[in-house]
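S.K.: pasting the structure only:
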């Protein structure tokens with residue numbers, strides 16, 4: 001039957017999701033929830049969902065502010081998205097699930113599983129960003145200056161910049177030059193997955209709010225603290241040629257979780273699940289067999 005798409009309402013905002021029923025359902029196979037990265041959407045998992053849905057029912061959501069979900073001018077944060085995941089689970093799933101995320105989606109997955117252990121039986125994090133570590137790289141003496149500069153950029157330049165970067169030629173340039181290793185994967189379908197939501201009427205203001213929220217000190221709970229409290233198995237996947245987050249972060253972060261493993265994926269970038277979906281699907285399914 002394939003992927004089916006629906007809307008539901010979270011805090012009064014329209015939230016988009018999809019589900020794919022397991023073709024060969026097995027009672028011991030937990031459902032899977034997929035969470036995309038920054039600027040992406042449900043269909044960024046286009047080549048993962050069919051393979052994962054062989055024995056598992058697969059759900060995927062568009063985080064508020066992205067994809068086909070509503071893009072309100074609100075204060076965005078990992079806390080907000082974690083609550084969205086929790087409320088989605090309560091409404092549609094209600095049994096422990098495996099949460100799989102990419103980039104900011106993997107941060108949401110890890111925090112959600114740590115803060116709400118009843119919802120998760122396992123976590124897969126693909127290129128896991130530690131916002132706290134990135135902020136700590138700026139010397140304390142320079143942090144007020146950095147915040148001022150970012151506030152000015154957000155207020156004055158972010159909307160014109162957004163109108164530039166949402167153009168298909170800009171998206172294609174960034175994906176091929178920075179995000180992906182296999183340039184053949186950057187096809188028209190992928191470009192449209194990212195470009196279409198950016199054409200929404202609310203998208204520019206939401207992008208400004210998202211950018212401003214990223215600079216707020218309460219944007220995200222501590223990832224390392226969440227990992228130490230994680231009660232379920234964790235698989236960290238990292239493209240060896242990730243140009244957005246240093247792959248060495250994987251070796252640092254895997255030490256915090258009590259039941260974690262790390263796999264480096266050769267010749268893959270920041271979005272390894274779409275750069276080489278066959279390899280990533282294999283790693284996830286093999287890990288599920290052994291760990292759960």
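M.R.: Arrived safely, thanks for sending. From a predicted model like this one, the values you see are computed outputs, not experimental measurements.
S.K.: CA only for contacts and neighbour counts going forward, please
M.R.: Will do.
S.K.: lowest-confidence helix or strand of this protein?
M.R.: The element with the least model confidence among the helices and strands of the chain, by mean pLDDT, DSSP states H and E, is helix 143-152, at a mean of 42.
S.K.: what stretches of the stretch 1-150 of the chain score poorly on pLDDT?
M.R.: Judged by pLDDT under 70, the stretch 1-150 of the chain has its weakly predicted residues at 1, 133-150.
S.K.: can you give me the strands in the stretch 151-292 of the chain?
M.R.: When secondary structure is read from DSSP state E, counting those that start in this stretch, the stretch 151-292 of the chain shows strands at 234-239, 260-265.
S.K.: Who are the packing partners of the first one?
M.R.: For strand 234-239, the helices and strands in contact under the criterion 3 or more CA pairs under 8 Å, 6 or more residues apart in numbering; DSSP states H and E are strand 120-126, strand 260-265.
S.K.: partners of the longest one, with directions?
M.R.: It refers to strand 120-126. Here strand 120-126 has these sheet partners by DSSP bridges: strand 97-102 (parallel), strand 234-239 (parallel).
S.K.: same check, this time on the shortest one
M.R.: The partner list of strand 260-265 in its sheet, established with DSSP bridges, is strand 234-239 (parallel).
S.K.: Show me what the partner strand is in contact with.
M.R.: Contacts with strand 234-239, where a contact means CA atoms under 8 Å, 6 or more residues apart in numbering, come from 122-128, 247, 250, 254, 257, 259-272, 287.
S.K.: ok so, going back, so for residue 209, which of the helices and strands packed on strand 234-239 sits nearest?
M.R.: If you check each of the helices and strands packed on strand 234-239 against residue 209 by CA to CA, strand 120-126 wins as the nearest, at 25.1 Å.
S.K.: Going by neighbour count, list what's buried in that closest one.
M.R.: 120, 121, 122, 123, 124, 125, 126 (16 or more other CA atoms under 10 Å).
S.K.: That one: how far from the chain's middle?
M.R.: 12 Å (CA atoms, centre = their mean, to the nearest Å).
S.K.: ok, now which ones touch residue 194?
M.R.: Residues touching residue 194, when contacts are defined by CA under 8 Å, 6+ apart, comprise 39, 40, 41, 67, 171.
S.K.: and it, how far is that from residue 37?
M.R.: For residue 194, the distance to residue 37 under the criterion CA to CA, to the nearest Å works out to 11 Å.
S.K.: same question, residue 224
M.R.: The gap separating residue 224 from residue 37 is 19 Å, by CA to CA.
S.K.: on that earlier part again, need the helices and strands packed on strand 234-239 in CSV (columns: distance to residue 182).
M.R.: Formatted as CSV, the entries for the helices and strands packed on strand 234-239 read as follows, by distance: least, CA to CA, whole Å:
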stretch, distance to residue 182
strand 120-126, 17
strand 260-265, 13
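S.K.: Could you point out which of those sits nearest residue 198?
M.R.: Across those, the minimum distance to residue 198, taken as CA to CA, is reached by strand 120-126, at 23.6 Å.
S.K.: so what's residue 185 up against?
M.R.: If you count contacts by CA under 8 Å, 6+ apart, then residue 185 has 274, 275 around it.
S.K.: and the spatially closest residue to residue 287 that is not a sequence neighbour, how many residues sit next to it?
M.R.: In space, not counting the residues next to it along the chain, residue 287 is nearest to residue 235; the distance is 7.6 Å by CA to CA, 6 or more residues apart in numbering. Burial of residue 235, expressed as a neighbour count using other CA atoms under 10 Å, amounts to 23.
S.K.: List the beta-bridge partners for residue 235.
M.R.: Listed beta-bridge partners, residue 235: residue 124, residue 261 (assigned using DSSP bridges).
S.K.: Show me which of residue 224 and residue 37 is the more surrounded one.
M.R.: Neighbours per residue, other CA under 10 Å: of residue 224 and residue 37, the larger number sits with residue 37, 23 against 20.
S.K.: Please tell me how far that one sits from residue 81.
M.R.: With CA to CA as the criterion, residue 37 and residue 81 are 12 Å apart.
S.K.: got it, and residue 31?
M.R.: Distance of residue 31 to residue 81, computed by CA to CA: 19 Å.
S.K.: Compare those two and say which is more crowded by neighbours.
M.R.: For the pair residue 31 and residue 81, the greater number of neighbours falls to residue 31 (25 against 21), based on other CA under 10 Å.
S.K.: what residues are up against that one?
M.R.: By CA under 8 Å, 6+ apart, the contact set of residue 31 is 56, 57, 58, 59, 93, 96, 97, 98.
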